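**Student:** predicted model follows, preceded by the sequence.
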Amino acid sequence: MEFNKEFDASGLACPLPIVKTKKSLQDMTSGQVLRVISTDPGSVCDMAAFAEQTGHALLQQGEEAGKFVFFIKKA
């Protein structure tokens, strides 16, 4: 999937992946896609809840090389 910006939250524990994802989205324009990489298993539920609460779209989530990968489209 194509994306405009990437944020690697590997090694960060809850709530930092969400906090830093929110910050990464701030300087992006509506419709752009952010790719987030995380090693925190809790981020799977957290990213879905974050997207729902903020109106951003969680386009895709999965695993790559033991890490969780999310694609979030800015509202």
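**Tutor:** Looks like it arrived, so ask away.
**Student:** switch to C-alpha atoms for all contacts and neighbour counts from now on
**Tutor:** OK.
**Student:** report back the residue of this structure that's furthest from centre.
**Tutor:** Within the chain, the residue lying farthest from the chain centre (C-alpha atoms, centre = their mean) is Ala65, at 16.7 Å.
**Student:** quick check: pLDDT value at that residue.
**Tutor:** Looking at Ala65, its pLDDT stands at 94.
**Student:** helix or strand: which one has the most centrally placed residue in the chain?
**Tutor:** With distances taken as C-alpha atoms, centre = their mean, Val36 lies nearest the centre of the chain, 4.1 Å away. According to DSSP states H and E, Val36 maps onto strand 33-38.
**Student:** downstream neighbour of that strand in the secondary structure list?
**Tutor:** For strand 33-38, the following helix or strand on the C-terminal side (DSSP H and E) is helix 43-54.
**Student:** what lies in contact with that following helix?
**Tutor:** Identification of contacts with helix 43-54 by C-alpha atoms under 8 Å, 6 or more residues apart in numbering yields Cys14, Pro17, Ile18, Ala57, Leu58, Gln61, Phe68, Phe70, Ile72.
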